[in-house]
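Undergrad: Compute the structure for the input listed below.
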Amino acid sequence: MTHSSCYTDGTWTAQTKYTPAMGYEWFRDRKRVVSWSKWIWNEHVLPKHQFVGWLYAHGAIRTKDKLLSYGLEIDDSCFLCNQAAESSDHLWCDCIYSRQVVQGLSQRLKIVFPVTEVINWCTQLTGTVMQKGVHLGLVWGMVYHIWQQRNKSRMEGILMRPEKIVSQIIEEVKARIRGRDFKMITKMDLDWLQSKELYVLET
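TA: Model prediction:
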């Protein structure tokens, strides 16, 4: 076919050559691009952390305030601290247990982590692409593990010490970093990783 049309920005325009890519672009579901996608679907974020992060960004994590809004009759107290009503804002911003995890990460790595809404924190990240990616890996690891601990507390009555959660998050991110092609990483980033004890050069 030598003469065809092309679908661009919602309209058909004259086109001299047709390609399968043009047809795909027309048939595919054209959804709104969201700003947070690049912060969750990042190579430094583990897939299991990405899934919980995706739920978090959509406001789809079923904290107790949401269950109450569905009409369920339940105790609304936080499973982690039992000192306030459970909501997304409380669970990741105000809960004493969660704050201990955040403070532990900050002390271990000398990095300031969010005590406010996570997506807003992501918008303020600075540094190189590598450094931002590591920050994202750590913060979504934190979101994942806090939610996991909340569920273990609910189902099994088990609550791990915050410092152990901190160590788990750091080890997972370190493993992710070790899988990178270090030929593509600058000396500046290597120095930064070593300063945070997230990577040790092999001797």
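
Undergrad: just the strands in this protein please.
TA: Along the chain, the segments classed as strands by DSSP state E run 4-8, 11-15.

Undergrad: Least reliable of these by average pLDDT, please.
TA: Mean pLDDT per stretch puts strand 4-8 lowest among the strands of the chain, at a mean of 48.

Undergrad: Give the full set of residues in contact with residue 88.
TA: Neighbour list for residue 88: 56, 59, 61, 63, 65 [criterion: Cβ atoms under 8 Å, 6 or more residues apart in numbering]. C-beta here means a position set from N, CA and C on the backbone, and glycine is covered the same way.

Undergrad: Going by distance to residue 139, which of these wins?
TA: residue 56 (10.6 Å; Cβ to Cβ).

Undergrad: what's the burial count for that closest one?
TA: Neighbourhood size, residue 56 [other Cβ atoms under 10 Å]: 22.

Undergrad: Next, the contact list for it, please.
TA: 88, 92, 118, 143.

Undergrad: make it 10 Å
TA: 36, 40, 88, 91-92, 117-119, 140, 143-144, 147 (Cβ atoms under 10 Å, 6 or more residues apart in numbering).

Undergrad: Next: residue 125.
TA: 39, 131-133, 135-136, 139.

Undergrad: Tell me the one among those residues nearest to residue 99.
TA: Using Cβ to Cβ, those come closest to residue 99 at residue 139, 14.1 Å.

Undergrad: Is it correct that that closest one is in contact with residue 102?
TA: Yes. Counting by Cβ atoms under 10 Å, residue 139 touches residue 102, with 9.1 Å between them.

Undergrad: Name the residues contacting each of the two.
TA: Shared contacts of residue 139 and residue 102, counting by Cβ under 10 Å, 6+ apart, come down to 92, 113-114.

Undergrad: Lowest-confidence entry in the contacts of residue 88?
TA: Lowest pLDDT of the contacts of residue 88: residue 59, 91.

Undergrad: ok, so what distance separates the residue nearest the centre of the chain from residue 156?
TA: Of all residues in the chain, the one closest to the mean position by Cα atoms, centre = their mean is residue 140, 3.3 Å from it. Separation of residue 140 from residue 156 (Cβ to Cβ, to the nearest Å) stands at 24 Å.

Undergrad: what do you get for residue 47?
TA: For residue 47, the distance to residue 156 - Cβ to Cβ - is 24 Å.

Undergrad: swap in residue 75?
TA: Distance of residue 75 to residue 156, given as Cβ to Cβ: 17 Å.

Undergrad: can you check residue 200 too?
TA: Computed as Cβ to Cβ, the residue 200 to residue 156 distance reads 35 Å.

Undergrad: now swap in residue 163 and tell me
TA: Counting by Cβ to Cβ - residue 163 and residue 156 are separated by 20 Å.
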